[in-house]
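Participant: I'd like to go over a predicted model; first the sequence, then the structure.
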Amino acid sequence: MRPVATPSSKLYRNQKPLRDIVGDQIRSHIFSGAFPPGSRLVERELAERFDVSRLPVREALRVLQNEGLVENLSSRGIVVKTLTERDVIELFDIREALEVLAVRLAAARVADNAPHKLRHYVNEAQQAIARGAPDAAHAANSQFHDEIIALSGNELLQSMLEPLLGRLHWLFRQIPDFERLSAEHDELCSAIEAAEPERAAEVARAHVLSYRRLTLAHLFG
């Protein structure tokens, strides 16, 4: 029987549950295109790739299925989900409704001096763009949106968005126009920092709609 993890294992890192570490690795491969839409994800092969037992792989795939990044097809097993145009439109509909609310709440909490790292992630993304590191820029941009959700302070809103985050993070990576995205994030961050909930909400809505148009044109023409 294969060991769950040892100090020499590829995924032996810290006290984070092995299921989550494996999930992060698979998610990263999906986002990068190493596991493209429609590709099969076989437990045994993934366990060998990541040098772990099959149990954390199985658990990780279950989490990714809940996130909507993979699906279980009776004829093929677990595969990376292919998002249709309708899927993407529905995701943006939900994102517009919930993220605009999150931004409004976040700006209101900033008015009450709630601590946050929004500017940190904006700066990280800009620095990554300057040094030609797209993966780091994508990661910082995703963390920026995650921080807005956390800053909202609304646990129900967070729980509603959590199952969508995997697919939303995948969408964030579909448009390579980093400069435009960075400029919009900078404007949104400034509106939140100014503790102006309504202006921040307007900026957020414009950002989502802009990104919606670009993403649909890029993916479906």
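Facilitator: Right, received. Where do you want to start? Numbering: from 1, shown residues only.
Participant: now for the worst-scoring helix or strand of the chain on mean pLDDT, which elements pack on it?
Facilitator: None of the helices or strands of the chain scores lower by mean pLDDT, DSSP states H and E than helix 165-172, at a mean of 85. Helix 165-172 sits against helix 18-32, helix 54-67, helix 85-111, helix 134-152, with contacts defined as 3 or more CB pairs under 8 Å, 6 or more residues apart in numbering; DSSP states H and E. To be clear about C-beta, it is placed using only N, CA and C from the backbone, and glycine gets the same treatment.
Participant: now the element after that helix, going C-ward?
Facilitator: helix 178-193 (DSSP states H and E).
Participant: that next one - contacts with which helices or strands?
Facilitator: By 3+ CB pairs under 8 Å, 6+ apart, helix 178-193 packs against helix 85-111, helix 118-130, helix 134-152, helix 197-220.
Participant: OK, contacts around the residue positioned nearest the centre of the chain?
Facilitator: Centroid check for the chain by CA atoms, centre = their mean gives residue 169 as the closest residue, at 2.6 Å. Contact analysis of residue 169 by CB atoms under 8 Å, 6 or more residues apart in numbering lists 27, 31, 142.
Participant: hang on, the earlier thing: buried set for the least confident helix or strand of the chain?
Facilitator: By 16 or more other CB atoms under 10 Å, the buried positions in helix 165-172 come out as 165, 166, 167, 168, 169, 170, 171, 172.
Participant: next one: phi and psi at the nearest residue to residue 64 once chain neighbours are set aside?
Facilitator: Leaving aside its chain neighbours, residue 64 sits nearest to residue 70 (4.7 Å; criterion: CB to CB, 6 or more residues apart in numbering). Phi and psi for residue 70, reported as degrees, to the nearest 10, are phi -130, psi 160.
Participant: swap in the one 3 residues further on?
Facilitator: Summarising the backbone geometry of residue 73 under the convention degrees, to the nearest 10, its torsions are phi -100, psi 130.
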